[in-house]
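Student: Sequence plus predicted model, see below.
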Amino acid sequence: MKLKRIGYFVATGVLTAIMIFSVQMYLRNPDVVAGYFENLNYPGYLVYPLAIAKILGLVAIWWNFSKPLKEWAYAGFFFDIILAFTAHMVAKDGEFMFALIAFVALVTSYALGKTERA
């Protein structure tokens, strides 16, 4: 059981690190990130809402306010990561690796968190 708990915290930590990295980029260089978004065929105005949503999602995952809220946070990250991975693959820019790592961390964190709560 202790190994699962460690795995959960490592996976959630990796997911958190990737999301915080993206949030700080969104907030420090919003115009540059908006340009990246537009190159991937997403509207540039999504920069700030996505940054806020990622911060709130991390808060919901780390602090257990409610199970449904935590489930929604995981779902939001799932869609965000899948859309990022797909956009990078379609754009053929080779920048999909962080999305792939984040996906593995997300699935691992979710699965181990479920067994931890069961």
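Tutor: Great, that's in hand. Residues are numbered from 1 along each chain as shown.
Student: before we move on, which element is the spatially most central residue of the chain in?
Tutor: Central residue of the chain (C-alpha atoms, centre = their mean): Phe77, 4.4 Å from the mean position. Using DSSP states H and E, Phe77 falls within helix 67-91.
Student: So which elements touch that helix?
Tutor: On a contact count with 3 or more C-beta pairs under 8 Å, 6 or more residues apart in numbering; DSSP states H and E, helix 67-91 meets helix 47-62, helix 97-117. Heads up, the C-betas are built off the backbone N, CA and C, glycines and all.
Student: Just give me the lowest mean pLDDT stretch among those helices.
Tutor: Across the helices and strands packed on helix 67-91, helix 97-117 has the smallest mean pLDDT, namely a mean of 88.
Student: Quick check: buried residues in that one?
Tutor: By neighbour count on 16 or more other C-beta atoms under 10 Å, the buried set for helix 97-117 is 99, 102-103, 105-106, 108-110, 112-113.
Student: of all the residues you listed, which comes closest to Lys4?
Tutor: Nearest to Lys4 among the buried residues of helix 97-117: Leu112, at 5.3 Å, using C-beta to C-beta.
Student: What backbone torsions are found at the closest residue in space to the closest one that isn't next to it in sequence?
Tutor: Once flanking residues are discounted, Leu112 sits nearest to Tyr8: 3.9 Å by C-beta to C-beta, 6 or more residues apart in numbering. Here is the backbone geometry of Tyr8 (degrees, to the nearest 10): phi -60, psi -50.
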